[in-house]
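[1] Just to be clear, the model below is a prediction. Sequence and coordinates:
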Amino acid sequence: MKDYKVLSIDIGGTRIKATVLNAEGEETEDYKMLDTPKPASPENVLVVLKEIVAGFKDFDYISVGFPGYIKNGTVKTAPNLGTEIWQNNNFEKKICDVFGKPAQVVNDADLQGLGVVSGKDFEILVTLGTGFGTAFLKNGILFPHIELAHHPVVKNKDYDQYIGDKELKSIGVEKWNKRMKEVIQILKTVFNYDRLYIGGGNARFLEFKLDDNIKIVTNEDGIKGGAKLWENRNS
């Protein structure tokens, strides 16, 4: 079955984005977004999702990128939405129940990584948004999700705290760029990647020259990973 359509959703700390894709990852509906509700409880997020999806035509499957650690469709952490109100919430089942379609919920960076990589060699995607997201892929295959964002990068800060949106606003663009240079050098030294992709809204603030094997990508590029999630199940 190669003529299926996928509702692809990216839940961010600031905005929720969605579109409908064909099996090749091409958009069949206009890309839409609304602000993430505050508080961003599961119930409030579902209300926003219903509003976005109401304007879309039919789809067969649903892919959701979620900003946290997901295990078998269940949220384990949601640092930028509120882990205490999300922890152990089987959001995948709720999506299935609400929209009446098969769904997969995965980490948001993993979804975006599937959407942007070339599928050759060792590739990393990082997202610069409310927090710091990462996805690691070898020949287009995702590694088990790693929450690098919560690994200490300096003595008293993890990556989220060191280069996340709150810190960018606090220290300013110039100092943040210096930190981003350090972070990219760490990634290069530790992982020896073949290609690095940088997404997320704050990627626009990067002001230094990037290596030839580093590429800036958009959220719209990344959301196309929603089709990839169903590729193997429909081959």
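    Okay, I see it. Numbers count the residues shown, from 1 in each chain.

[2] now the strands for this structure?
    Using DSSP state E, the strands found in the chain span residues 5-11, 15-22, 32-35, 61-66, 70-71, 74-75, 103-107, 122-128, 132-138, 141-142, 152-154, 157-158, 195-199, 214-216.

[3] Same list (those strands) but as CSV, adding distance to residue 168.
    Placement of C-beta: from N, CA and C, glycine included. Shown next, in CSV, are the strands of the chain (distance: least, CB to CB, whole Å):
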stretch, distance to residue 168
strand 5-11, 20
strand 15-22, 17
strand 32-35, 19
strand 61-66, 22
strand 70-71, 26
strand 74-75, 26
strand 103-107, 22
strand 122-128, 8
strand 132-138, 11
strand 141-142, 28
strand 152-154, 15
strand 157-158, 13
strand 195-199, 14
strand 214-216, 16
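
[4] Can I get those in JSON lines including mean pLDDT, mean neighbour count and distance to residue 205?
    Formatted as JSON lines, the strands of the chain follow (pLDDT from 0 to 100; neighbours: other CB atoms under 10 Å; distance: least, CB to CB, whole Å):
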{"stretch": "strand 5-11", "mean pLDDT": "96", "mean neighbour count": "26", "distance to residue 205": "20"}
{"stretch": "strand 15-22", "mean pLDDT": "95", "mean neighbour count": "21", "distance to residue 205": "17"}
{"stretch": "strand 32-35", "mean pLDDT": "95", "mean neighbour count": "14", "distance to residue 205": "20"}
{"stretch": "strand 61-66", "mean pLDDT": "96", "mean neighbour count": "26", "distance to residue 205": "22"}
{"stretch": "strand 70-71", "mean pLDDT": "94", "mean neighbour count": "16", "distance to residue 205": "28"}
{"stretch": "strand 74-75", "mean pLDDT": "96", "mean neighbour count": "20", "distance to residue 205": "29"}
{"stretch": "strand 103-107", "mean pLDDT": "96", "mean neighbour count": "23", "distance to residue 205": "23"}
{"stretch": "strand 122-128", "mean pLDDT": "97", "mean neighbour count": "24", "distance to residue 205": "8"}
{"stretch": "strand 132-138", "mean pLDDT": "96", "mean neighbour count": "24", "distance to residue 205": "14"}
{"stretch": "strand 141-142", "mean pLDDT": "92", "mean neighbour count": "14", "distance to residue 205": "28"}
{"stretch": "strand 152-154", "mean pLDDT": "94", "mean neighbour count": "13", "distance to residue 205": "18"}
{"stretch": "strand 157-158", "mean pLDDT": "96", "mean neighbour count": "16", "distance to residue 205": "19"}
{"stretch": "strand 195-199", "mean pLDDT": "97", "mean neighbour count": "22", "distance to residue 205": "11"}
{"stretch": "strand 214-216", "mean pLDDT": "97", "mean neighbour count": "17", "distance to residue 205": "11"}
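
[5] Mean pLDDT per helix and strand in the protein: which one sits at the bottom?
    Within the chain, confidence by mean pLDDT, DSSP states H and E is lowest for helix 219-222 among all helices and strands, at a mean of 86.

[6] so what does that one touch, helix or strand wise?
    Helix 219-222 sits against strand 15-22, helix 108-116, strand 195-199, with contacts defined as 3 or more CB pairs under 8 Å, 6 or more residues apart in numbering; DSSP states H and E.

[7] quick one on the thing from earlier: of all the strands of the chain, which one is nearest residue 174?
    For residue 174, the closest of those is strand 122-128, at 15.7 Å, according to CB to CB.

[8] Just checking: what are the partner strands of the closest one?
    According to DSSP bridges, strand 122-128 forms sheet pairs with strand 132-138 (antiparallel), strand 195-199 (parallel).
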